[in-house]
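> curious how this folds, go ahead:
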Amino acid sequence: MNAIDDATIAPDLDPTTSTTVQHDWASDESITVSIVTAIAQRAGVDPEDVSHLYERLDPDSLESLFSPTTQSGARNSGHLWIPVDDYGVTVYADGRIVVQSLT
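Predicted structure coming up:
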C-alpha cells in the first residue's frame, strides 16, 4: 500500500478531510488490511482500533470482488462505498482507497 497525493488523483478532495492510498495487488497484503490501514491513518489511531470493518464486510468477498482475474488481469472499473464509523470509504477496482471524514 502506498500513500498518494490526493491533489494528483482527485483534485476535488480536501486533504484535510480525506486520505487516499493505493493498494498493491502484487503484494501479499489483502485489500482489507489496506483499507483498515487507510482508515487508521485518517483517524490517527492504531489499525487494531479499526475493527468495525469486519462487522460490515466479508473480507474474502471484498478480495474476490476487486482482485485481478486470471483471465483478463487487473480490473479497471467499479467501486464500492461503505461507511465505517465517522468515515466514508470508497474502494476502486484499480486498488485506490479513499477515506473521507463524514463529520
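> residue 25 in helix, strand or coil?
Classification of residue 25 using DSSP: H, G, I helix; E, B strand; the rest coil returns coil.
> the longest helix along the chain - contacts with which helices or strands?
When the chain is parsed with DSSP state H, its longest helix is helix 31-43. Applying 3 or more CB pairs under 8 Å, 6 or more residues apart in numbering; DSSP states H and E, one finds that helix 31-43 contacts strand 18-22, helix 52-56, helix 59-66, strand 87-92, strand 96-101. Bear in mind the C-beta positions are built from the backbone N, C-alpha and C, glycine included.
> tell me the angle of it relative to strand 87-92?
If you take axes from the mean of the first three to the mean of the last three CA atoms, to 10 degrees, helix 31-43 sits at 140 degrees to strand 87-92.
> just the angle between helix 31-43 and strand 18-22, please?
150 degrees.
> in this structure, which helix or strand is least confident?
The helix or strand of the chain with the poorest confidence is helix 6-9; it has a mean of 44 (mean pLDDT, DSSP states H and E).
> among the helices and strands packed on helix 31-43, which gets the worst mean confidence?
Per-stretch mean pLDDT for those is lowest at helix 52-56 (a mean of 73).
> tell me the contacts of residue 30?
59, 63 (CB atoms under 8 Å, 6 or more residues apart in numbering).
> follow-up on the earlier one: now for the helices and strands packed on helix 31-43, which one comes closest to residue 41?
Residue 41 lies closest, by CB to CB, to one member of the helices and strands packed on helix 31-43: strand 18-22, at 5.3 Å.
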